[in-house]
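Participant: kindly return the folded structure for what I paste below:
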Amino acid sequence: MQQNITMFKTQPFVSEKVWGYERWIVSVHPAGKSLVDDAAAQIGGTLLDAIVGASYPLLIKIIQANETLSVQVHPDDDYARLHEHSAGKTECWYVLDAVPDAKIIYGLQKDYRRSELETAIRDNTLERCLRSVPVSKGDFIFIPAGTVHAIQGGLRLLEVQQSSDITYRLYDWGRPREVHIQKGLDVLRYLPKSTLTPEHPFSGKTVCPYFRLEKKDFPTTGTISFSAFDTPAAKTGWCSLFIISGNGMLETAGVPALQVKTEDCIVVRREAAVSVLPDRDSLLSVMLMG
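Facilitator: Sure, this is the predicted structure:
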């Protein structure tokens, strides 16, 4: 880790999918590593893990879903460490854009016996058990490990998750891809529907044991601080911010100012104070993550 580096943009690892694509904008995961943006002096093109460390605990993505993804569930830490030698996967989504009447799968209609779900999966009838929830631009969805979920077509999401690539596919809408029935049912959890409710719109802050997000809007000059962030990621000394919309400049001591635009991702030292200078007549909307 280089002690004189304070702030830089990232360059994503891009993963093309049959349903769209993912841009891994903050990742040290072996399945796909982000880079420091080429324009960064001295460190441009460097693998992100060389700066923030190979064990950085968050993976942050932009997901473009043109078609519906499989119905999935992720393990918690205990199960993943025992069976996959990996961290578990709790995650969240912020909706960047959505077609009219967009929906996600967010939990099940009721508590089912394991045998009922296994039969429904094998018979390709699980769809009747799934809980479909409308979402729109600006919504926030928290997905604890064990929650049955799926992204449906027509959504663009900012996803913040534990640095894990463990996914158990329960159901794929009749498509002939592998499903992971036993492991998926092992880790599935039932949560009250009051818990499985999108924030519409996002309240502006969420905190869990794995990450913290704060949304900030800057119609005029302001300052960003990560001093309240006390998560595993923040304790590594690094946090990040994502430009939801707008254009402007970011300034902090010791480095040249960064010109930023919509969907740029910037990694910042936790202790840095960052000045935000929106362009004239531009509202700069930013998501702080750590």
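Participant: from what I can see Thr10 touches Leu47, true?
Facilitator: No - contact between Thr10 and Leu47 fails when scored by C-beta atoms under 8 Å: they sit 10.7 Å apart. To be clear about C-beta, it is placed using only N, CA and C from the backbone, and glycine gets the same treatment.
Participant: who's more crowded, those two?
Facilitator: Neighbour tally, Thr10 and Leu47, criterion other C-beta atoms under 10 Å: the higher count belongs to Thr10, 25 against 15.
Participant: what does the pLDDT read for the more buried one?
Facilitator: What the model reports as pLDDT for Thr10 is 97.
Participant: helix, strand or coil: sort out it for me.
Facilitator: Three-state call for Thr10 (DSSP: H, G, I helix; E, B strand; the rest coil): strand.
Participant: beta partners for it?
Facilitator: Under DSSP bridges, the beta-bridge partners of Thr10 are Val36.
Participant: any common contacting residues for Thr10 and Leu47?
Facilitator: For the pair Thr10 and Leu47, residues contacting each of them under the criterion C-beta atoms under 8 Å, 6 or more residues apart in numbering are Ser34, Leu35, Val36.
Participant: so what's Cys265 up against?
Facilitator: Neighbour list for Cys265: Lys9, Thr10, Pro12, Ile25, Val26, Ile60, Ser240, Leu241, Phe242, Ile243 [criterion: C-beta under 8 Å, 6+ apart].
Participant: show me which of the shared contacts of Thr10 and Leu47 is closest to Leu96.
Facilitator: Distance ranking of the shared contacts of Thr10 and Leu47 against Leu96, using C-beta to C-beta, places Ser34 first at 18.2 Å.
Participant: wait, doesn't the closest one sit right on Ser15?
Facilitator: No - contact status for Ser34 versus Ser15: not in contact, 11.7 Å apart, counting by C-beta under 8 Å.
Participant: the two: who's more crowded?
Facilitator: Shown here are Ser34 and Ser15; by other C-beta under 10 Å, Ser34 has more neighbours (27 against 15).
Participant: now Arg81, what's its secondary structure?
Facilitator: Strictly by three-state DSSP, Arg81 counts as helix.
Participant: my error: substitute Glu118 in the last question.
Facilitator: Following three-state DSSP, Glu118 is assigned to helix.
Participant: where exactly do the strands run in the stretch 1-150 of the chain?
Facilitator: Along the stretch 1-150 of the chain, the stretches classed as strands by DSSP state E, counting those that start in this stretch are 7-11, 13-17, 20-26, 35-36, 58-65, 71-73, 91-98, 103-108, 130-134, 140-143, 149-151.
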